Each structure stands twice: as C-alpha cells, then as structure tokens.
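# sequence and predicted structure are below.
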Amino acid sequence: GENVEQHPSTLSVQEGDSAVIKCTYSDSASNYFPWYKQELGKRPQLIIDIRSNVGEKKDQRIAVTLNKTAKHFSLHITETQPEDSAVYFCAAHSRGGSYIPTFGRGTSLIVHP
Amino acid sequence: DTEVTQTPKHLVMGMTNKKSLKCEQHMGHRAMYWYKQKAKKPPELMFVYSYEKLSINESVPSRFSPECPNSSLLNLHLHALQPEDSALYLCASSQSQGGVTEAFFGQGTRLTVV
C-alpha cells in the first residue's frame, strides 16, 4: 500500500518567516495530494490540494509543489502568522489504497509572535 | 451546506456499555468514512462506505460495528470497548470513493472508555 513520510515533526518559526513542510510518497499511481490543517481540539480542514497533472498551486500565502518523478510534495507558507499555528497533515490518494487518503504523521507548526 | 455533523461531541462510557456515534451530511456525498485519531497522531482509517455499502474494513475489532442506514447517515455502534479505544472518532465524507476530491471531516466525538 501507500506510505507517506512527512518532515519535520515539529517546526518553530518567528512571525513573518516562511515555513516549509515536506512529504514523500511511495505509490507512483497516487493522483491527489491534499493538505489538512488541524487546530487543537478541532477537525482537520483542507487548506490546499494538488492533482498529479499539476506541478504547483498557490492560494494567497500558501503554496504546494509536486515533483512526480521524485515522488515528493511540499507545503510552503509565507509571512507566517500566530494563527497558522496548528498540526498540518499531508495525504496521498493512491490506487493501491482505493484512493482513500493515506496521511503523513503530521507537523506541529508553532509561530511565535 | 458543507458540514458533516457528528453527535455526541463527547462520550464517556464504561467497558460494558453499548453506545452509538452518529454522523450526518447533506452534501450528496456517496462515500463516508470513520477514522480514529489518537493525540498527536494522524487520522487512522477504520471503515469506508461507498454508495451505502461497506467497501473497506481496516481489520477493525468487532466491538466496533458500522452502519449506513441511508446516503446521509453513518453510525458507529460501540460495545464492550477497552480503555485503549479512547480517542477522537472522526467521520468524513467525499463525493465518491476513488475521486480526486477532498474529504470533509466532522468535528469528531471525543470518546473516553472507563
């Protein structure tokens, strides 16, 4: 089945800095890569996603890049704000997994004011 | 309506109790999911229903019994649970299984087994 590795597990930045979270996946047939943000005690919510036919997607301060050859994708947050503090999960939808998302282990992002 | 609604929000139950978790969505989604999430861990898939039929059971113990009465509702019946089953139980839905679309999550039920 699909295996998704996510790094780092914890990321601490100063307000205004950029943050980058990286994920790799194992199934070359994976075709959809969502990123979820989960604040303490709340539900995971989609913040951005990318499909396998696209290399990069941007939405205001958030961007995701996908390298299909290397099987990795990354989340980039610019001009971080304290409200960006949360746990971020990457996921990959793979054919081997019946296109059910396989989640990475999560990154706890802490933005210091 | 882009909400997945779960009830109850919190549940404390003894090891001999029987209880049920409920999930509802009115987005016309035909795939619904149960996940279990422990603290500081990613959601762990338990069951998937596609068009009201159970399509995936991730080797979940029989003390967890899912039910999909119709396309909008998903239940999880609990019986004889163990303390290690204490976790956040998340319901999610998506347009269909196998699609390249996001899963919408409910707020979850925080379950404590005593």
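In hand now; what should we look at? Remember, it's a predicted structure, so these values are computed and weren't measured experimentally. Residues are numbered from 1 along each chain as shown, chains lettered A, B, ... in the order given.
# residue contacts, B:K53?
B:C68 (CB atoms under 8 Å, 6 or more residues apart in numbering or on different chains). The way it works is simple: take the backbone N, C-alpha and C, and place the C-beta from them, glycine included.
# separation between A:R105 and chain B?
A:R105 is 6 Å from chain B, where distance means CB to the nearest CB, to the nearest Å.
# that residue: neighbour count?
16 (other CB atoms under 10 Å in any protein chain shown).
# in chain A, which helix or strand is least confident?
Between all helices and strands in chain A, the lowest mean by mean pLDDT, DSSP states H and E belongs to strand A:101-103, at a mean of 87.
# per-residue pLDDT of residue 49, please?
All of this refers to chain A. Per-residue pLDDT puts A:D49 at 94.
# correction: the question concerned chain B.
The predicted structure lists B:Y49 with a pLDDT of 93.
# A:S98 too?
On the pLDDT scale, A:S98 gets 59.
# B:V12 contacts B:V114, correct?
Yes - using CB atoms under 8 Å, B:V12 is in contact with B:V114, at 6.2 Å.
# now for the least confident helix or strand of chain A, which elements pack on it?
strand A:86-93 (3 or more CB pairs under 8 Å, 6 or more residues apart in numbering or on different chains; DSSP states H and E).
# sheet partners, orientation included, of the strand it packs on?
Partners of strand A:86-93 in the sheet, by DSSP bridges, are strand A:32-38 (antiparallel), strand A:101-103 (antiparallel), strand A:107-112 (antiparallel).
# and the angle from the helix or strand where A:L75 lies to strand A:86-93?
Counting by DSSP states H and E, the element that carries A:L75 is strand A:72-77. Between strand A:72-77 and strand A:86-93, the angle comes out at 150 degrees (axes from the mean of the first three to the mean of the last three CA atoms, to 10 degrees).
# what is strand A:72-77 packed up against?
strand A:19-25, strand A:62-67, strand A:86-93.
# and it, average pLDDT?
97.
# residues in contact with that strand: which ones?
Contact with strand A:72-77 is made by A:18-25, A:33, A:35, A:48, A:50, A:61-67, A:84, A:88, A:90, A:109, as judged by CB under 8 Å, 6+ apart.
# what subset of the residues you listed is buried?
Burial by neighbour count, 16 or more other CB atoms under 10 Å in any protein chain shown: within the contacts of strand A:72-77 this picks out A:19-25, A:33, A:35, A:48, A:50, A:62-66, A:84, A:88, A:90, A:109.
# about what we covered before: within its sheet, name the partner strands of the strand holding A:L75 and how each one runs.
Take DSSP bridges as the rule and strand A:72-77 pairs in its sheet with strand A:19-25 (antiparallel), strand A:62-67 (antiparallel).
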